[in-house]
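Visitor: I'll drop the sequence and a predicted model, then ask my questions.
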Amino acid sequence: MGTLVAVDAQNLYYSARRAGGEVDYKRLWTLIQSREPDSMSVVYLVRTKHHDSLGFESLLKGLGYRLSTRLAERVMDEDGRSRLRFGNHDIRLSLDACTKYIDQYEKFVLVSGDSDFS
């Protein structure tokens with residue numbers, strides 16, 4: 001049994017952007033493999049109809065990540081404006097860790113920029 005590494009791409013991206021940086025997924029992969037060689041890394045990301053993420057997804061797969069994707073939903077906010085909702089991937093990855101992968105891995109590592117998990 002190894003380690004499941006779940007990467008919350010949406011929250012990580014926006015946190016890095018707010019800090020004036022960007023996420024280096026190749027460097028992250030190298031770090032994960034050096035510390036947890038018996039691991040599986042899943043990147044949770046959201047697709048939108050208006051943004052082509054296939055190049056990014058191909059890059060991630062080429063590095064060795066597995067992907068869990070979800071399509072963003074268009075919803076109306078309380079002011080009647082249409083907005084994209086990116087769908088609480090943090091909850092989904094937590095549920096996957098506790099249900100889907102619970103018997104396959106002995107450790108769980110979350111990579112996120114979201115303070116929901118602090």
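Guide: Yes, it's here.
Visitor: ramachandran angles for residue 2?
Guide: Per-residue torsions, residue 2: phi -120, psi -140 (degrees, to the nearest 10).
Visitor: my read: it touches residue 107, true?
Guide: Yes - judged on C-beta atoms under 8 Å, residue 2 makes contact with residue 107 at a distance of 7.4 Å. (Glycine included, C-beta is placed from N, CA and C.)
Visitor: what touches both of those two?
Guide: Shared contacts of residue 2 and residue 107, defined by C-beta atoms under 8 Å, 6 or more residues apart in numbering, are found at residue 36.
Visitor: where does residue 7 sit: helix, strand or coil?
Guide: Classification of residue 7 using DSSP: H, G, I helix; E, B strand; the rest coil returns strand.
Visitor: kindly state the pLDDT recorded for it?
Guide: You'll see residue 7 listed with a pLDDT of 92.
Visitor: again with residue 70
Guide: If you check residue 70, the pLDDT there is 83.
Visitor: please apply the same query to residue 87.
Guide: pLDDT, read off for residue 87, is 63.
Visitor: repeat for residue 116
Guide: Residue 116 is given a pLDDT of 59.
Visitor: and the strands in this protein, which stretches?
Guide: 2-8, 39-47, 66-71, 73-76, 82-85, 105-111 (DSSP state E).
Visitor: which ones are touching the spatially most central residue of the chain?
Guide: By C-alpha atoms, centre = their mean, the chain has its centre lying nearest to residue 8, at 2.6 Å. Going by C-beta under 8 Å, 6+ apart, residue 8 touches 44, 89, 90, 93, 110, 111, 112, 113, 114.
Visitor: out of those residues, which are buried?
Guide: Buried members of the contacts of residue 8, counted by 16 or more other C-beta atoms under 10 Å: 44, 89, 90, 93, 111, 112, 113.
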